[in-house]
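*Asks:* Show me the folded form of this:
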Amino acid sequence: MSRTAVDLFVHIVFCTKKRAPYIHPSIESRLHSYLVGIAQKRKTKILRINGMEDHIHILINLHPSVALSDLIKELKAYSTSWMKKNGYSIFAWQRGYGGFFDFKIGQFKVRNGGERFEFDVEFGVSV
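*Replies:* Numbers count the residues shown, from 1 in each chain. Modelled structure (predicted):
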């Protein structure tokens, strides 16, 4: 094989500092869009993003040249700065994160907030 072929799906979860309800519905979609832009600059696709006021779930297709820890560091740092510039002066993310990979019989499954997402690795994404 003369090229790199990697399809790595990771479910990421991280929380606001002290699980404070900082992600208000009024800014949630804009924050999600901002995070998508950061990931795109790192050649990583966000396939699904959602969460609650105190945490966020992101399903990514991680580019092989990107270290997961570096991507999350950038997502958290840049989005913290962006939130503060948009009037949330006390916004902060909690230290740490969860990154989960589950590959079973050709499908990646994520359960989140009552929704079930199935990702057929061979044929693309289905919701």
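*Asks:* C-alpha only now, for contacts and for neighbours.
*Replies:* OK.
*Asks:* can you list the weak-confidence ranges in this protein?
*Replies:* By pLDDT under 70, the weakly predicted segments of the chain are 1, 102-127.
*Asks:* all strands of this protein, in order?
*Replies:* Remark: strands assigned in the chain by DSSP state E are 8-15, 45-52, 55-62, 98-100, 107-112, 115-120, 124-126.
*Asks:* ok, for Arg48, nearest residue in space, not its chain neighbours?
*Replies:* Counting by CA to CA, 6 or more residues apart in numbering, Arg48 lies nearest to Leu59, which is 5.0 Å off, once chain neighbours are set aside.
*Asks:* Was I right to think that neighbour contacts Leu8?
*Replies:* No. Between Leu59 and Leu8 there is no contact under CA atoms under 8 Å: 10.4 Å.
*Asks:* Neighbour count: those two, which is higher?
*Replies:* Leu59 (21 against 13; other CA atoms under 10 Å).
*Asks:* Report the beta-bridge partners for that one.
*Replies:* His11, Arg48 (DSSP bridges).
*Asks:* got the contact list for the residue nearest in space to the middle of the chain?
*Replies:* By CA atoms, centre = their mean, the chain has its centre lying nearest to Ile58, at 2.6 Å. Under the criterion of CA atoms under 8 Å, 6 or more residues apart in numbering, the contact list for Ile58 reads 11-13, 46-50.
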